[in-house]
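Asks: Show me the folded form of this:
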Amino acid sequence: MNTIYRQLCCDHKQMQQLLNAFEQLLLDLFGRTDRDPSTLSLILDALDYLSVYPDQYHHPIEDLIFARLLTKPIHDKKSIYEAQMQHEQIALNTKHMCALFYAIANDATVERRVLQGACTSFLKLQRSHMNLENTAIFPQIEQYLDLSDWITIQKQVNELNTKYFDHSIRKIYESLHEHLTQAKAPEQALA
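Replies: Residues are numbered from 1 along each chain as shown. I've put the predicted structure just below:
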């Protein structure tokens, strides 16, 4: 298995873990009548990860791979086009979530039902997207891309890494992921 492809699979696993941790934080937030600053802080950290890491690193690499895959005689181009459109939807949806939670952090009023609806949509889109890629696209990557394709993709990725997401920034987001997925429930952290 190619190292780039292996990293994408690892990213999906880590994003799923982060989404699970994020969902737990949301349940914690919505289960309280008072606002716990530590929960809100962790939610903002999770949104930072979910807005920066996928948009700056993960999705641009997937887009390179998808473009290469579309040059092959594959059977399911529709899934690739759908995933590419979802990359844009995810970016917009994540910006909306960030705006809502930063408004809350700045003591603005956001209706609970509006926030809960946005959170539900956000989680559903994220999970649906990863499921689409895992079940419909990743198997095609394994089937159709060969060594020469991966050499070409690696050259393109190297250019992206220089432009968008250097190694030190990536390490910061790996640490943030670890912090968020290993975080204790806020009431335990305060005890």
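Asks: which non-adjacent residue is nearest residue 60?
Replies: Nearest in space to residue 60, with sequence neighbours left out and distances taken as CB to CB, 6 or more residues apart in numbering, is residue 160 at 5.4 Å. Any C-beta I mention is one placed from the backbone N, CA and C, and that applies to glycine too.
Asks: buried ones in whatever helix or strand the one you found lives in?
Replies: Element membership for residue 160 (DSSP states H and E) is helix 147-163. The neighbour-count check on helix 147-163 (16 or more other CB atoms under 10 Å) flags 149-150, 153, 156-157, 161 as buried.
Asks: I'd like those as JSON lines, with pLDDT and distance to residue 80 appended.
Replies: Formatted as JSON lines, these follow (pLDDT from 0 to 100; distance: CB to CB, whole Å):
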{"residue": "149", "pLDDT": "96", "distance to residue 80": "15"}
{"residue": "150", "pLDDT": "96", "distance to residue 80": "17"}
{"residue": "153", "pLDDT": "95", "distance to residue 80": "15"}
{"residue": "156", "pLDDT": "92", "distance to residue 80": "17"}
{"residue": "157", "pLDDT": "89", "distance to residue 80": "18"}
{"residue": "161", "pLDDT": "68", "distance to residue 80": "23"}
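Asks: that older thread, got the contact list for the following helix or strand past the helix holding residue 160?
Replies: Using DSSP H and E, the next helix or strand after helix 147-163 towards the C-terminus is helix 167-182. Helix 167-182 is contacted by residues 14, 17-18, 20-22, 42, 45-46, 48-49, 52-53, 56-57, 161 when judged by CB atoms under 8 Å, 6 or more residues apart in numbering.
Asks: cool, and stretch 91-109?
Replies: 35, 40, 43-44, 47-48, 50-51, 54-55, 59, 110, 114-115, 118-119, 121-122, 125.
Asks: Which positions within that stretch qualify as buried?
Replies: For stretch 91-109, the neighbour count (16+ other CB under 10 Å) marks 93-94, 97, 100-101, 104 as buried.
Asks: Now tabulate those residues in TSV and tack on distance to residue 139 and secondary structure.
Replies: Converted to TSV, these look like this (distance: CB to CB, whole Å; DSSP: H, G, I helix; E, B strand; the rest coil):
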residue	distance to residue 139	secondary structure
93	26	helix
94	27	helix
97	30	helix
100	36	helix
101	36	helix
104	40	helix
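Asks: picking that back up, please save the CA atoms from the helix holding residue 160 in CSV.
Replies: This file holds the C-alpha atoms of helix 147-163, laid out as CSV (Å, rounded to 0.1, in the frame of the first residue of the first chain):
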residue,chain,number,x,y,z
LEU,A,147,3.4,2.8,-9.2
SER,A,148,3.8,5.3,-12.0
ASP,A,149,0.6,7.1,-10.8
TRP,A,150,1.8,7.2,-7.3
ILE,A,151,5.2,8.7,-8.4
THR,A,152,3.3,11.4,-10.2
ILE,A,153,1.0,12.0,-7.3
GLN,A,154,4.0,12.1,-4.9
LYS,A,155,5.6,14.9,-7.0
GLN,A,156,2.4,16.9,-6.8
VAL,A,157,2.0,16.3,-3.1
ASN,A,158,5.6,17.5,-2.5
GLU,A,159,4.6,20.8,-4.2
LEU,A,160,1.4,21.0,-2.1
ASN,A,161,3.4,20.4,1.1
THR,A,162,5.7,23.3,0.4
LYS,A,163,2.8,25.6,-0.4
